[in-house]
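Student: no sequence on this one, just coordinates:
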C-alpha cells in the first residue's frame, strides 16, 4: 500500500515539475522580430534584388527605375504608418501586402526576357534565327 502511494506521489510531483517549466525558444530559432524590423529587412532585401538585377543586366534602366519608384511608394506608406511612433497590426498588414506586390513585380521584371547585358541602356534582343 505504501509503495503504490509513493509511486503515485512521485508521478504527481514529476508531472507538476514538467508543467512548471517555462517554454524555451528552440535552439537555432530567435523570437519573431517586431513589425518595424521585419518591414525594414524586407525593404533591404527588395533593394538588394533590384540592384543585383541592374548589375547582372536582368533589369533594364527603365525597369529598375519603375521598381525603385514602387519601393519609394512602399517606403512612403511605412513613413506615414510610423509617424505616430507605432505601426499597428492593420498598418503592418497593409505594408506587407504592398511588399508582396512589389516582390512579384521585381520577379516578373527580372524574368521577362528583356535584358541589358552590355549595360548600354538599350534592350538586348535575342538574335534572330
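Tutor: Yes, it's here. Every value quoted in this text rests on a predicted model; they were computed, and no experiment measured them.

Student: so residue 77 sits right up against residue 95, yeah?
Tutor: Yes: using Cβ atoms under 8 Å, residue 77 is in contact with residue 95, at 5.6 Å. The way it works is simple: take the backbone N, C-alpha and C, and place the C-beta from them, glycine included.

Student: these two: who's more crowded?
Tutor: Taking other Cβ atoms under 10 Å, residue 77 and residue 95 do not tie; residue 95 has more neighbours (24 against 17).

Student: one step back: and for residue 77 and residue 95, which residues touch both?
Tutor: Common contacts of residue 77 and residue 95 (Cβ atoms under 8 Å, 6 or more residues apart in numbering): none found.

Student: and stretch 34-47, what's buried?
Tutor: 35, 38-39, 42-43, 46 (16 or more other Cβ atoms under 10 Å).

Student: again but with stretch 99-110, I slipped
Tutor: 99, 102, 105-106, 109-110.

Student: over to stretch 66-76?
Tutor: 67, 70-71, 74.

Student: which other residues reach the helix or strand containing residue 93?
Tutor: Per DSSP states H and E, residue 93 falls inside helix 89-110. Outside helix 89-110, the residues that touch it by Cβ under 8 Å, 6+ apart are 35, 38-39, 42-43, 46, 49-50, 53, 58-59, 63, 66-67, 70-71, 73-74, 77-78, 81, 87.
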